[in-house]
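1. My questions concern the predicted model and sequence given below.
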Amino acid sequence: MSLHLHDTATRTTREFHPRCDGVASIYVCGATVQGVPHVGHVRSGLNFDVLRRWLQHSGYDVRLVRNVTDIDDKILTKAADAGRPWWEWASTHERAFESAYDRLGCLPPSVLPRATGHVTQMIDLIQRLIDKGHAYASGGDVYFDVASYGDEYGRLSGQRLDEVQQGESLASGKRDPRDFTLWKAAKPGEPSWPTPWGHGRPGWHLECSAMATFYLGGEFDIHGGGLDLVFPHHENELAQSNAAGDGFAQYWMHNAWVTMSGEKMSKSLGNVLSIPAVLERARAVELRYYLVTPHYRSTIEFSEEGLKEAASAFGRIENFVRKVVDRTGSVEPSEVSEDFAKALDDDLGTPQATAAVHAAVREGNAALDRGDDEAARAAASAVRAMTGVLGLDPLSPQWAEDGGNAAHDALGEAVRLVLEQRQKARAERDFATADLLRDRLQEGGIAVEDTPDGPTWTLKDG
């Protein structure tokens, strides 16, 4: 089966055909760096990281652009409230977002453009729209003329033209309340750039169109982002880009929300779980497992119980791979299973792909139980290959530095000392002490198995 992806624009799951053979181009709407990143923010980056990894595994040269919105009304307001320069506020929180992406194992994008670095391209795009009769200047502002675009407007989101509400504040210079802002006239105390229409700053929708086409061309493969961006942001990106003459994205992919108590996680609801706070309660690899194993188009209802279950499930994978390494030596990744590949080719079916990983773990543990080290190594090699695609390989340097393997090693050293005492007791035929030591380990969650090669141990959950 070839890769099929769900396209929001056509509302169908379509076979992926890149514009250029062997090359996949992706633009992902990144962070508006107004504050500390929370779990809801990073899900999109993680979902598209899995897509990028699967495309690379499938042989594509992936060019992924993930932007930074570093000029925005919310950034200016929050910086002013904090008494800090807007650029310093944006830069501080940009670093926080990049740290979160790094800690959660996202591969770095091909390029990470900032909106403020691409004002020239934005001005060029505005001029093209004005020249084609799809935009107009008014009092230093510039607006996109929605009516000029006709019935094409709304085809991404399903909005009816006569019901469109942009969510912008009313402006006297607008010809039609449905029009949206491309350029905002300068206000006292705000940053601004010179343009043919006066000093000002860019509108949000304009920024992404200019950056996407500058790096990926007027037509590229995939545009991704959160479901909340379909309207008005992505609808307006599509409208202004097509109106200017660019084919723009051929596939539109949107990940669902992370919710709490049924509501989208956002700062305005006051139910934010920041990445630093969550990572005090869970390892980064466990949080990644929690966020990438559900299907990207399924809503995640965040809960501490769910996070603990994810940690336990990942622990079963990790413990199996570590057992095989401890028993047989190093294990290198091999090939993914047919079920795993089929799952990811079906619109990134990560639940089924994860099930294939756990099936291999069960087979590998059964092989260990019957003493078939060769079959166990084969299973562990496949597990490493599959978890590598998901960004969850237990033996990757990223997660070793995260403390997972270090914790395992420290625990292993403590268990080894207890097992040495137990072996000594058994050699002295002090079976009461030997049994007591074994029982103490079991009470602590450590299962001990006596083999011809000596005792081995595993965590009970493994």
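-> Everything's here; your move.
2. Contact partners for residue 216?
-> With contact taken as CB atoms under 8 Å, 6 or more residues apart in numbering, residue 216 is in contact with 25, 27, 63, 65. Where you see a C-beta, it was placed from the backbone N, CA and C, and this is true even at glycine.
3. Taking those residues, tell me the two that lie furthest apart.
-> Largest separation among the contacts of residue 216 by CB to CB: 27 and 63, giving 9.4 Å.
4. distance of the closest residue to residue 264 other than its chain neighbours from residue 309?
-> If you skip the residues right next to it in sequence, residue 264 has residue 257 as its closest partner in space, 4.5 Å away by CB to CB, 6 or more residues apart in numbering. Separation of residue 257 from residue 309 (CB to CB, to the nearest Å): 20 Å.
5. mind listing the helices for the stretch 151-300 of the chain?
-> Per DSSP state H, counting those that start in this stretch, the stretch 151-300 of the chain carries helices over the ranges 204-216, 235-244, 275-278, 284-292.
6. Looking at those helices, which is nearest to residue 335?
-> Here helix 284-292 is closest among those (CB to CB), at 20.6 Å.
7. Show me how far the closest one is from its chain's centre.
-> Here helix 284-292 is found 10 Å from its chain centre; the criterion is CA atoms, centre = their mean, to the nearest Å.
8. can you tell me the average pLDDT over it?
-> What helix 284-292 shows for mean pLDDT is 98.
9. ok, back up a step: please enumerate the shared neighbours of residue 27 and residue 63.
-> Shared contacts of residue 27 and residue 63, counting by CB under 8 Å, 6+ apart, come down to 215-216.
10. Tally up the residues packed near residue 162, please.
-> 7 (other CB atoms under 10 Å).
11. what's near enough to touch residue 334?
-> Residue 334 touches 378, 381-382, 384-385, counting by CB under 8 Å, 6+ apart.
12. again, only this time at 10 Å
-> Contacts of residue 334 were listed using CB atoms under 10 Å, 6 or more residues apart in numbering, and they are 377-386.
13. ditto for residue 394
-> Contacts here follow CB under 10 Å, 6+ apart; on that basis residue 394 touches 285, 314-315, 317-322, 325, 380, 383-384, 387-388, 400, 404-405, 408.
14. Now do the helix or strand harbouring residue 318 against helix 284-292: the angle between them, please.
-> Assessed by DSSP states H and E, residue 318 sits inside helix 304-328. What separates the directions of helix 304-328 and helix 284-292 is an angle of 120 degrees, with axes from the mean of the first three to the mean of the last three CA atoms, to 10 degrees.
15. buried sites along helix 304-328?
-> Residues of helix 304-328 classed as buried under the neighbour-count rule (16 or more other CB atoms under 10 Å) are 307, 310-311, 313-325, 327.
16. which helices and strands does the helix or strand just after that helix pack with?
-> Once helix 304-328 ends, the next helix or strand along the chain (criterion: DSSP H and E) is helix 338-345. Using 3 or more CB pairs under 10 Å, 6 or more residues apart in numbering; DSSP states H and E as the contact criterion, the elements in contact with helix 338-345 are helix 39-57, helix 350-369, helix 373-389.
17. in the last one, what's buried?
-> What it means is helix 373-389. Of the residues in helix 373-389, those scored as buried under the neighbour-count criterion (16+ other CB under 10 Å) are 376-389.
18. again with the first one
-> Neighbour-count burial for helix 39-57 flags 39-55 (criterion: 16+ other CB under 10 Å).
19. Off-centre distance for that helix?
-> Helix 39-57 has its C-alpha centroid displaced from the chain centroid by 4 Å (CA atoms, centre = their mean).
20. what stretches of the stretch 301-450 of the chain score poorly on pLDDT?
-> Along the stretch 301-450 of the chain, the parts satisfying pLDDT under 70 run over 401-413, 415-416, 449-450.
21. if you set the cut-off to 90 instead, what comes out?
-> Within the stretch 301-450 of the chain, the stretches falling below the threshold (pLDDT under 90) are 400-450.
22. can you put the contacts of residue 216 in CSV and add secondary structure?
-> Shown next, in CSV, are the contacts of residue 216 (DSSP: H, G, I helix; E, B strand; the rest coil):
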residue, secondary structure
25, strand
27, strand
63, strand
65, strand
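23. Tell me the one of those residues nearest residue 181?
-> Residue 181 has its nearest neighbour among these in residue 27, at 21.2 Å by CB to CB.
24. give the contact list for that closest one.
-> Under the criterion of CB under 10 Å, 6+ apart, the neighbours of residue 27 are 48, 63-67, 109, 113, 208-209, 211-213, 215-216, 220-225, 237, 248-249.
25. For the closest residue to residue 123 other than its chain neighbours, which residues are in contact?
-> Nearest non-adjacent residue to residue 123, counting by CB to CB, 6+ apart: residue 195, 5.3 Å away. The neighbourhood of residue 195, defined by CB under 10 Å, 6+ apart, consists of 119-120, 122-123, 126-127, 137, 140, 142, 183, 185-186, 201-202.
26. Kindly report the same for residue 165.
-> So residue 165 contacts 159, 177-178, 231-232 (CB under 10 Å, 6+ apart).
27. Show me which pair in the contacts of residue 334 is furthest apart.
-> 377 and 386 (15.1 Å).
28. The helix holding residue 318 packs against which elements?
-> Secondary structure elements in contact with helix 304-328, counted by 3+ CB pairs under 10 Å, 6+ apart, are helix 284-292, helix 350-369, helix 373-389, helix 404-427, strand 454-459.
29. I'd like to know which elements the second one is packed against.
-> With contacts defined as 3+ CB pairs under 10 Å, 6+ apart, the packing partners of helix 350-369 are helix 39-57, helix 284-292, helix 304-328, helix 338-345, helix 373-389, strand 446-451, strand 454-459.
30. coming back round to it: I'd like the helices and strands packed on helix 304-328 as CSV, with distance to residue 75 appended.
-> Listed next are those as CSV, based on distance: least, CB to CB, whole Å:
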stretch, distance to residue 75
helix 284-292, 25
helix 350-369, 33
helix 373-389, 35
helix 404-427, 36
strand 454-459, 45
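31. Give me whichever of those is most buried.
-> Counting by mean count of other CB atoms under 10 Å, helix 284-292 has the highest mean neighbour count of the helices and strands packed on helix 304-328, with a mean of 25.
32. hmm, who's touching the helix or strand that that helix is followed by?
-> On the C-terminal side of helix 284-292, the nearest following helix or strand under DSSP H and E is strand 300-301. Contacts of strand 300-301 from elsewhere in the structure, counted by CB under 10 Å, 6+ apart, are 39-40, 43, 255-263, 265, 290-291, 293-294, 306.
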